[in-house]
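Participant: With the sequence up front, the predicted model follows.
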Amino acid sequence: MRSDLSSSLERTERNIVRRKRHQQGSLQVKKHGKHKMWILQYREGTSKKYLTLGLYSKMSKSEAQQEQARIMSEVNARLATAPDPNITFGDFLERVVLPFYRKKWKRSTALTTENRMTYHLAEFSETKLQAINLKSLQAFLSRKAEDLSRSVVAHLRWDLRAVFKLALAEGYTQRDPTAALYTPKEATVEETRVMTRKEVEQYIAVLDMRERVIAHLAIFAGMRPGEILGLQRKHVSSDHASLTVEQRVYRGDIDTPKTASSKRVVALGPATVKVLKDWMQWVGEEGDAWLFASEGGETPIWRDNIWYRYMKPRLEPKGLGWANFQVLRRTHASLGHEAGVDPKVAADQRGHGIGVALDVYTKAALTKRAQAAEQLENAVLTALME
């Protein structure tokens, strides 16, 4: 009985909304200066509209009513398709945001971003989209900063900006409260470790041939794990000195590289060329043969399988079980920077912009920073030290 009553109330509410949206407008005669004018008044959303139809002396009432009907027909048509001003954040996320961005996201992005948005932003699900303000959103980020890393909180801020940017573009809201959001300083910063030269030598020495090739490609060529596992024989140059990156693997799916600029040719150093040549004799002769195939040979091996089954168990006894693929990528950037490799060249190898190379991946060694401090002191304090 209660369910039937609830359904009836919902239908009544929808009918009231429809009736409010369908208007006839108010046709009036008002004086403008010395002249009387036909005036049409109506509402569009929360705004009052006011239109002058023509001179009272030159337009009959029937003509004014015809013009009124024509204009209100257009207005009502717009209102019939207008976004629901009472939509909740949860409904907007499910019905508008996620379907829109799924067309843009790669599968790897969709899995991580969609899960993060639906899980962490759930506390706004029942709140009307237009009722959410800057204060409530900033308080939300501050609460999340107590338990989550700075990286996750920063991503949540980006998620909220994406939601409200779309809401503003589609007319579901008249303002964007996320423009002034900031990542709280309380958010913890995760430690970003890189390997030293000695640790790299130990790392490579303990691995079997296949995993050693993968480590070489990650550390010395700066390739992403998905790009490495997406390699086929046709992507290897005849002299084994370069590789063409035109696809990647993510949880069994073959996809395009992470960014358009990542479709590139990667140069290899002599040591990497040597281990790659040794490995290629175990790879099938056909161009579509995977360099790092699964047990059946018809598909590439998954990243988690290669790491947890074959790499990490060998590395942990040496105290290097923490050096996952993310660490290998940072190590390539940091050791390359320490060795004096041109930042632009290194960024091109890894397939991203130079700003990302310096700000995200490069971590200067303490000895290098000490040398830099001494170099600055020598340049500035020479006279005082003499």
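Facilitator: Happy to help now that I have it. For clarity, every value in this text was computed on a predicted model and none was experimentally measured. Numbering: from 1, shown residues only.

Participant: Check which helix or strand residue 249 maps to.
Facilitator: Using DSSP states H and E, residue 249 sits in strand 248-250.

Participant: Helix or strand: which one has residue 43?
Facilitator: Taking DSSP H and E as the definition, residue 43 sits inside strand 35-44.

Participant: Who are the packing partners of that strand?
Facilitator: In terms of contact count using 3 or more Cβ pairs under 8 Å, 6 or more residues apart in numbering; DSSP states H and E, strand 35-44 is assigned the packing partners strand 26-32, strand 47-55, helix 61-80. (Each C-beta comes from the backbone N, C-alpha and C, glycine too.)

Participant: Put together TSV for those, with mean pLDDT on each row.
Facilitator: Shown next, in TSV, are the helices and strands packed on strand 35-44 (pLDDT from 0 to 100):
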stretch	mean pLDDT
strand 26-32	89
strand 47-55	85
helix 61-80	82
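
Participant: so can I have a markdown table of these showing distance to residue 164 and mean neighbour count?
Facilitator: Putting these into a markdown table (distance: least, Cβ to Cβ, whole Å; neighbours: other Cβ atoms under 10 Å) gives the following:
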| stretch | distance to residue 164 | mean neighbour count |
| --- | --- | --- |
| strand 26-32 | 35 | 12 |
| strand 47-55 | 21 | 12 |
| helix 61-80 | 23 | 14 |
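
Participant: pLDDT below threshold where in the stretch 201-350 of the chain?
Facilitator: 258-262 (pLDDT under 70).

Participant: again, 80 this time
Facilitator: By pLDDT under 80, the weakly predicted segments of the stretch 201-350 of the chain are 251-252, 256-263, 337, 340-350.

Participant: where along it do the helices fall?
Facilitator: Taking DSSP state H, counting those that start in this stretch, the helices of the stretch 201-350 of the chain run over residues 209-219, 225-229, 270-280, 303-305, 312-315, 325-338, 343-350.

Participant: Going by neighbour count, list what's buried in stretch 125-142.
Facilitator: Residues of stretch 125-142 classed as buried: 128, 129, 130, 132, 137, 138, 140, 141 (neighbour count, 16 or more other Cβ atoms under 10 Å).

Participant: which one among these gets closest to residue 302?
Facilitator: residue 141 (34.1 Å; Cβ to Cβ).

Participant: any idea which element that closest one lies in?
Facilitator: Short version: residue 141 belongs to helix 134-145, going by DSSP H and E.

Participant: Output the helix or strand harbouring residue 99 as CSV - backbone C-alpha positions only.
Facilitator: Element membership for residue 99 (DSSP H and E) is helix 98-102. Output of helix 98-102 as CSV, limited to C-alpha atoms (Å, rounded to 0.1, in the frame of the first residue of the first chain):
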residue,chain,number,x,y,z
LEU,A,98,30.2,8.0,-16.9
PRO,A,99,28.5,7.2,-20.2
PHE,A,100,30.2,10.4,-21.7
TYR,A,101,33.7,9.7,-20.4
ARG,A,102,33.6,5.9,-21.2
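
Participant: helices or strands next to it in the packing?
Facilitator: Using 3+ Cβ pairs under 8 Å, 6+ apart as the contact definition, the elements that helix 98-102 packs against are helix 107-120.

Participant: For the helix it packs on, which helices and strands make contact with it?
Facilitator: The contact analysis (3+ Cβ pairs under 8 Å, 6+ apart) places helix 107-120 against helix 98-102, helix 150-170, strand 253-255.

Participant: Tally up the residues packed near residue 257, please.
Facilitator: 19 (other Cβ atoms under 10 Å).

Participant: Grab the nearest non-local neighbour of it.
Facilitator: The spatial neighbour of residue 257 that comes closest, neighbours along the chain excluded (Cβ to Cβ, 6 or more residues apart in numbering), is residue 263 at 5.1 Å.

Participant: One more: residue 301?
Facilitator: Nearest to residue 301 is residue 294, by Cβ to Cβ, 6+ apart, at 4.8 Å.

Participant: Next: residue 40.
Facilitator: Closest residue in space to residue 40, ignoring its immediate chain neighbours: residue 51 at 4.5 Å, by Cβ to Cβ, 6+ apart.

Participant: cool, residue 183 as well?
Facilitator: Nearest non-adjacent residue to residue 183 (Cβ to Cβ, 6+ apart): residue 154, at 4.8 Å.

Participant: was I right about that neighbour contacting residue 184?
Facilitator: No - contact status for residue 154 versus residue 184: not in contact, 9.9 Å apart, counting by Cβ atoms under 8 Å.

Participant: Common neighbours of the two, please.
Facilitator: Residues within reach of residue 154 and of residue 184 at once, by Cβ atoms under 8 Å, 6 or more residues apart in numbering: there are none.

Participant: Would you map out the domains in this protein?
Facilitator: The chain breaks down into these domains under automatic domain parsing: 16-80, 89-170, 197-369.
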